[in-house]
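Undergrad: Sequence first, then the predicted structure, then my questions.
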Amino acid sequence: MADPTDLPRRFYAEVTTGPLEEGPSQEGGAVLLDGRTPRSPGGKRLILPTAALAHLVAAEWAAQVEVIRLAEMPATRLAYTALEKIGPSHREVAAEVSRYANSDVLCYWAEAPRELVRLQGERWAPLLAWAQEELGLRFQKAHGIVHQAQPAETVKAVEALAAELDDFALAGLAHATPLYGSAILALALQRGHLDGEAAFDLSRLDEAYQEAQWGVDEEAAARTAKLRAEAVMLGRWFRAL
């Protein structure tokens, strides 16, 4: 944990949001700290594409007390990523998302025990069917841990779906994909088919099963809680978009 003496002090009294320009027709919103818009480390003004997203980010600034703990502000960090990094490398980020499609966690099914196999069939199969029916993505199931290459057209289609998103949506998708280990779950979240917590639970179905059998230590539980909070934030991020 960071030493509070090394963190920037909270330098503002009031956190609000405001329109990009005067007039009710303007979309989007800026985070305002005592009426001023903060900037990202690269100098970009903290302006979001929707008022709802501005409120989500502003809530993190309002929650800071004596010091600013950026590590505990995932929506702000994601906004900085969208503002600074996605635009110049949009195609490369989309390609990175597609690489997860080639090793998607939902494609690796257990051979035993029977109860885990049943759970995977009950909870993962509907997502694979959704991906094919709604997005035209055909995935091959594998049993065990041996790598199963996915159809090249599926991987390319995932890349195309990612590439068509705007910078803020792609930033969320690119964050969700490694968090879940799954392009399918990330796309389901982005499209509103799942919420963040449900997608997270599906991504760690095997792990949760093992924990139910053998228990979980305090450190692992804390890490899971942190990742779950990130997943919940991502659900809110996409809803706000």
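TA: Good, I have the coordinates. Residues are numbered from 1 along each chain as shown.
Undergrad: Report the central residue of the chain.
TA: Central residue of the chain (Cα atoms, centre = their mean): A176, 3.0 Å from the mean position.
Undergrad: Find the nearest non-adjacent residue to that one, please.
TA: Spatial nearest neighbour of A176, chain neighbours left out: A186 (3.9 Å); criterion: Cβ to Cβ, 6 or more residues apart in numbering. Glycine gets a C-beta too; all of them are placed from N, C-alpha and C.
Undergrad: Next: D195.
TA: G235 (4.5 Å).
Undergrad: Please, where are all the helices along the protein?
TA: Ranges of helices in the chain, per DSSP state H, are 51-63, 74-81, 90-101, 114-123, 125-135, 152-163, 167-180, 183-190, 196-203, 205-214, 218-240.
Undergrad: Ok, which of the ones you listed comes nearest Y12?
TA: Proximity to Y12 (Cβ to Cβ) singles out helix 51-63 among the helices of the chain, at 7.7 Å.
Undergrad: helices or strands up against that closest one?
TA: Here helix 51-63 touches strand 15-18, strand 29-33, strand 47-48, helix 74-81, helix 218-240, going by 3 or more Cβ pairs under 8 Å, 6 or more residues apart in numbering; DSSP states H and E.
Undergrad: I'd say P74 and A231 touch.
TA: No - using Cβ atoms under 8 Å, P74 is not in contact with A231; the gap is 9.9 Å.
Undergrad: When those two are compared, which one has more neighbours?
TA: Set P74 next to A231 and count neighbours by other Cβ atoms under 10 Å: A231 wins out with 25 against 20.
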